[in-house]
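1. Okay, sequence plus prediction incoming.
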Amino acid sequence: MGEFFSNVSRYPKYLITIILGVFTASLQPLIQRSKNPVTAVSLVCALVSGLITFYFVVKAMVLPSSFS
């Protein structure tokens, strides 16, 4: 039974490792391309735009609608 809990306790480590690997693999090309100033500005604008969109979507989901 101890081996079972030992195996189960490893799954969060695997999950964190996979998530960090995906972020590293996706961000590495963007960091290399950000050496060009025009590309860096466009990446920052895309990031800000994505965060603003995420904020408004979550805000619309959380606040009650005035149309109901």
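-> The structure has been received and is ready for your questions.
2. can you tell me how far Ile19 sits from Ala40?
-> For Ile19, the distance to Ala40 (CB to CB, to the nearest Å) stands at 25 Å. Bear in mind the C-beta positions are built from the backbone N, C-alpha and C, glycine included.
3. The two: which has the busier surroundings?
-> Ala40 (14 against 10; other CB atoms under 10 Å).
4. quick one, what contacts the more buried one?
-> Ser34 (CB atoms under 8 Å, 6 or more residues apart in numbering).
5. do Leu43 as well
-> Contacts of Leu43 by CB under 8 Å, 6+ apart are Leu30, Arg33, Ser34.
6. Give me the distance between it and Pro29.
-> In terms of CB to CB, Leu43 sits 11 Å off from Pro29.
7. Next secondary structure after the helix or strand bottoming out on mean pLDDT in the chain?
-> One helix or strand of the chain scores below all others by mean pLDDT, DSSP states H and E: helix 2-33, with a mean of 86. Next helix or strand after helix 2-33 toward the C-terminus (DSSP states H and E): helix 37-62.
8. what angle sits between that next one and helix 2-33?
-> 130 degrees (axes from the mean of the first three to the mean of the last three CA atoms, to 10 degrees).
9. how far does helix 37-62 sit from the chain's center?
-> Relative to its parent chain, helix 37-62 has a centroid offset of 12 Å by CA atoms, centre = their mean, to the nearest Å.
10. Rounded mean pLDDT for that helix, please.
-> Mean pLDDT, computed over helix 37-62, is 92.
11. so how far is Leu63 from Ser26?
-> Per CB to CB, Ser26 is found 31 Å from Leu63.
12. How about Phe5?
-> Note on Phe5: its distance to Leu63, by CB to CB, is 43 Å.
13. picking that back up, could you export the contacts of Leu43 as CSV, including distance to Lys13?
-> Listed next are those as CSV, based on distance: CB to CB, whole Å:
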residue, distance to Lys13
Leu30, 26
Arg33, 31
Ser34, 31
